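**Student:** I'd like to go over a predicted model; first the sequence, then the structure.
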Amino acid sequence: MTPEELRRLAESHEEARPEPRHCIKVCVAAGCLSAGSDRVREALQNEIAQRGLENECEVKGVGCLGLCTAGPLMLVEPDGVMYQRVTEEDAPAIVESLGKKSVEQLVCPSDMSFFTKQYKIVLENSGVIDPEKIEDYIARDGYTALARVLEEMTPQEVIDEITRSGLRGRGGAGYPTGLKWSTVAKAGGSRKFVICNADEGDPGAFMDRSVLESDPHRVLEGMAIAAYAVGASQGFLYVRAEYPLAVKRLRTAIRQAERLGLLGNNICGTTFSFHVDIRLGAGAFVCGEETALIASIEGKRGQPRPRPPYPAEYGLWGYPTLINNVETFANVAPIIRNGGDWFASIGTEKSKGTKVFALAGRVRNTGLIEVPMGITLREIIFDIGGGIPDGHRFKAVQTGGPSGGCIPEQYLDMPVDYDSLAKVGSIMGSGGMIVMDETSCMVDVAKFFMDFCVSESCGKCVPCRVGTAQMYHLLNKITSGEATMEDLALLEELCDMVKYTSLCGLGQTAPNPVLSTLQYFREEYIAHIVDKQCPAGVCQMRQ
Amino acid sequence: MHFTKPSPPSDDKRWRIVEATMRRHGYDHNALIETLHSVQQTFGYLDTEALQYVAKALRVPLSKVYGVATFYHFFTLKPQGEHTCVVCMGTACYIKGAPHVVAAISEKYQIQPGETTADGKLSLLTARCIGACGLAPAVVFDGEVAGKVTPEEALQRIGRWTDQ
Ligand SMILES: Cc1cc2nc3c(=O)[nH]c(=O)nc-3n(C[C@H](O)[C@H](O)[C@H](O)COP(=O)(O)O)c2cc1C
Ligand code: SF4
Ligand code: FES
Ligand code: FES
């Protein structure tokens, strides 16, 4: 199917309507919604109706525009002006200004480094298209990669292209995607499954949510291409129940794609069929681990099992199963469209392409960003992020959530890629990036993550179930000024034990936040223990 | 083998929604989590009768149903208060002062996270990242997300419910 045919197909399903001259794209993703963007959208719609401009101007709800902290954000097309912190009262002025001079005091300068230093592949449609309209996606070359794959490429050629791109899994561990696909493709079995991991449990990250809410078709297209490559005909999207909007948009997207024959039986008139179902998570972080996720789809308690066998050989109901993260799938269609070599030309030698980060914490510009691999932490935090607000000083940046670590100032000029982050004791993780200044106590931060691991441990194996609780207890003793140096030694010993003897990634990485803060901020631990003092003034000492 | 569907615990019409979910999945035991979601969404929580009914209808041992219902944090076995206040305690919100918001509410209403006031008016809950990290600290008041919430603001919003 050619792109032209795709477009005609989409258009034939939409009644003819004159294209309005102006379009106001209002961000209706979670961040801006919490700042009241839905009320602003309504005010704009009312204003336009009152002036009888319905045919001239359209108000569209779009996904995250990135600079969430300045919400509600909106983009006026074709003027290309972005407005920030818009309220309902601003609606008349904005409608009045269409095609004329923009409303000065609301303008968000789009030439600031927050926007110019980013490189968008995964988020290229985010904030641009209406996520509830498949026509919008198709107008931006959506589903052309799938059509091309089905028409011109063998499954092996698809896998080769992905391998050539150097894409690595964005779910945390960075396993080469081409290799994983190839393993599942080679596995024998009467049935195979493709699963999209949208459990996004890192407490401080919302990249996957944003992709699903802003551009759901891109994930579906990636899954369908993967299914063709590995020989699967059924897929599951495992989404957190805490993301109702993402679920709703995915349901709409699946229905639309089925109606156009882009999902379901005989896709694009070929013999390839692929069905996608949604499964809801239920608030258990460990279900992001692939074997636990599979157990959960099977309707069981989400407890991991030992690997091997890996899901690629023995997965859902015992069949070979491909599991990839949302962002991994979102990279697939652009790679097919532009070629693996194009993708491999972005980023560093071992980390190709871009990475989406949720930039948050003590930094001026908080929000969702996409940057090329190899960019430095300093560029992210100080150029894109605008630095630390209120005259405070940068102290550390936490990446990788409960499995990651805190990176101190001396590594700010380090390139962001899988291997460099691992070298300094953290991980790329799924993309949470939390900036901290001197008002954060590092021991308290370590305790925060340990508390998380204690309550999320599934309890299956002793080192993790008991070990994390012990570690939490020791950290608590330290932050309340009741610990001795022996306690610190015991804590370090426990780190090793839990790391090397736990069954799954949760336990194996649970000590990381403690290890990295001990490595770089040991003096803070000592201050709590010996001087009975919290240098950041966060912890309440009992003695 | 013939199987007669058990009848719902009561003639509350809302059980039809739950039955529809189970029917859509062919009363397959794999649909346990989906069914529990449906019950919780419809009734707000999972009580013992509901768990027994789901166990029978999907032919799953009650112990397994209970095991699943208690494993996942999203499911609650207790009814919630008239109003709920969910404070995000994800990393971004934690760093930006969410603990102060929780402390202020805990102190004023004498409830810990996960508890409901004696008059059943207010439930205080915590969550792990609700996806509004850019606007930390975030609080959900009766389903409506608010960003950059100070302890004073939180108390003010809750006051509007409890002072009536
Ligand atoms: C405790 C734990 C939680 C995880 N949570 C997630 C998650 O929320 N999302 C995700 O994509 N991968 C998560 N993973 C990684 C998955 O097990 C798996 O490696 C990943 O989904 C593979 O996809 P990728 O190759 O595309 O990265 C988690 C792993 C562990 C050990
Ligand atoms: S390491 Fe922790 S989460 Fe993983 S299986 Fe063991 S107890 Fe469960
Ligand atoms: S939520 Fe609107 S810009 Fe991110
Ligand atoms: S950490 Fe609170 S919204 Fe993400």
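**Tutor:** Arrived safely, thanks for sending. Ligands and ions are numbered 1, 2, ... in the order given.
**Student:** Report whether the worst-scoring helix or strand of chain B on mean pLDDT contacts ligand 4.
**Tutor:** Lowest by mean pLDDT, DSSP states H and E among the helices and strands of chain B is strand B:144-146, with a mean of 89. No - on the criterion CB under 6 Å from any ligand atom, strand B:144-146 is out of touch with ligand 4, staying 8.6 Å away. Bear in mind the C-beta positions are built from the backbone N, C-alpha and C, glycine included.
**Student:** Check whether that strand comes into contact with ligand 3.
**Tutor:** No - counting by CB under 6 Å from any ligand atom, ligand 3 is not contacted by strand B:144-146; separation bottoms out at 10.6 Å.
**Student:** and the residue in chain B that ligand 1 sits nearest to, which of the three is it?
**Tutor:** Closest to ligand 1 within chain B is B:Cys129: 10.9 Å, counting by CB to the nearest ligand atom. Three-state call for B:Cys129 (DSSP: H, G, I helix; E, B strand; the rest coil): coil.
**Student:** How far away from the center of its chain is whichever helix or strand comes after the least confident helix or strand of chain B?
**Tutor:** With elements assigned by DSSP states H and E, the helix or strand that comes after strand B:144-146 is helix B:151-162. In terms of CA atoms, centre = their mean, to the nearest Å, the centre of helix B:151-162 is set 21 Å apart from its chain centre.
**Student:** got a list of contacts for helix B:151-162?
**Tutor:** The contact list for helix B:151-162, computed with CB atoms under 8 Å, 6 or more residues apart in numbering or on different chains, reads B:82-83, B:85, B:87, B:100-101, B:103-105, B:108-109, B:117, B:121-122, B:139, B:141-142, B:146.
**Student:** Stretch A:70-83 too?
**Tutor:** A:21-27, A:31-32, A:34-37, A:40, A:62, A:65, A:67, A:84-87, A:90, A:94, A:98-99, A:102-103, A:106-108, A:110, A:127, A:365, B:134-135, B:147.
**Student:** Please verify my assumption that the residue of chain B closest to ligand 1 contacts A:Asp208.
**Tutor:** No - B:Cys129 is not in contact with A:Asp208 according to CB atoms under 8 Å; the separation is 11.4 Å.
**Student:** got any ranges where chain B has weak pLDDT?
**Tutor:** B:1-3, B:164 (pLDDT under 70).
**Student:** By proximity to ligand 4, which residue of it wins?
**Tutor:** Nearest to ligand 4 in chain B, going by CB to the nearest ligand atom, is B:Gly90, at a distance of 2.5 Å.
**Student:** Leaving out sequence neighbours, find the closest residue to that residue.
**Tutor:** B:Cys129 (3.2 Å; CB to CB, 6 or more residues apart in numbering or on different chains).
**Student:** now, which of the contacts of stretch A:70-83 lie close to ligand 3?
**Tutor:** By CB under 6 Å from any ligand atom, the members of these lying near ligand 3 are A:27, A:31-32, A:65, A:67, B:134.
**Student:** and A:Met497, that one's in a helix?
**Tutor:** Yes - counting by three-state DSSP, one finds A:Met497 located in a helix.
**Student:** Just give me the neighbour total for it.
**Tutor:** When neighbours are defined as other CB atoms under 10 Å in any protein chain shown, A:Met497 has 14 of them.
**Student:** how close does it get to A:Cys461?
**Tutor:** From A:Met497 across to A:Cys461, the span is 12 Å (CB to CB, to the nearest Å).
**Student:** what do you get for A:Ile294?
**Tutor:** In this view, A:Ile294 and A:Cys461 are 18 Å apart by CB to CB.
**Student:** Tell me which of these two has more neighbours.
**Tutor:** Set A:Ile294 next to A:Cys461 and count neighbours by other CB under 10 Å: A:Ile294 wins out with 26 against 20.
**Student:** The helix or strand harbouring the more buried one and ligand 2 in contact?
**Tutor:** For A:Ile294, the host element (DSSP H and E) is helix A:290-297. No - Helix A:290-297 stays clear of ligand 2 (CB under 6 Å from any ligand atom), getting no nearer than 7.6 Å.
**Student:** Also stretch A:191-207?
**Tutor:** No - applying CB under 6 Å from any ligand atom, one finds stretch A:191-207 out of contact with ligand 2, separated by at least 11.6 Å.
**Student:** How far does that stretch stretch from one end to the other?
**Tutor:** Using CA to CA, to the nearest Å, the end-to-end distance of stretch A:191-207 comes out at 31 Å.
**Student:** does that stretch come close to ligand 3?
**Tutor:** No - for stretch A:191-207, no contact with ligand 3 is found by CB under 6 Å from any ligand atom; the gap never falls below 9.0 Å.
**Student:** got the buried residues for that stretch?
**Tutor:** Across stretch A:191-207, burial judged by 16 or more other CB atoms under 10 Å in any protein chain shown covers A:192-207.
**Student:** ok, so of these, who is nearest A:Arg465?
**Tutor:** Nearest to A:Arg465 out of these is A:Gly201 (CB to CB; 18.0 Å).
**Student:** got a list of what that closest one touches?
**Tutor:** A:240, A:285, A:287-288, A:401, A:456, B:128.
**Student:** In strands, which of the residues you listed fall?
**Tutor:** Counting by DSSP state E, no part of the contacts of A:Gly201 is found in strands.
**Student:** any idea which of the residues you listed is the one closest to B:Trp15?
**Tutor:** Nearest to B:Trp15 among those is A:Arg240, at 26.4 Å by CB to CB.
**Student:** how much space is there between the closest one and A:Cys461?
**Tutor:** Taken as CB to CB, the span from A:Arg240 to A:Cys461 is 24 Å.
**Student:** Pick out the residue of chain B closest to ligand 2.
**Tutor:** B:Phe71 (11.1 Å).
**Student:** ok, that residue touching A:Arg301?
**Tutor:** Yes - counting by CB under 8 Å, B:Phe71 does reach A:Arg301; the two are 4.3 Å apart.
**Student:** Residue numbers of chain B in contact with ligand 4?
**Tutor:** Residues of chain B lying close to ligand 4 (CB under 6 Å from any ligand atom) are B:88, B:90-93, B:129-133, B:136, B:138.
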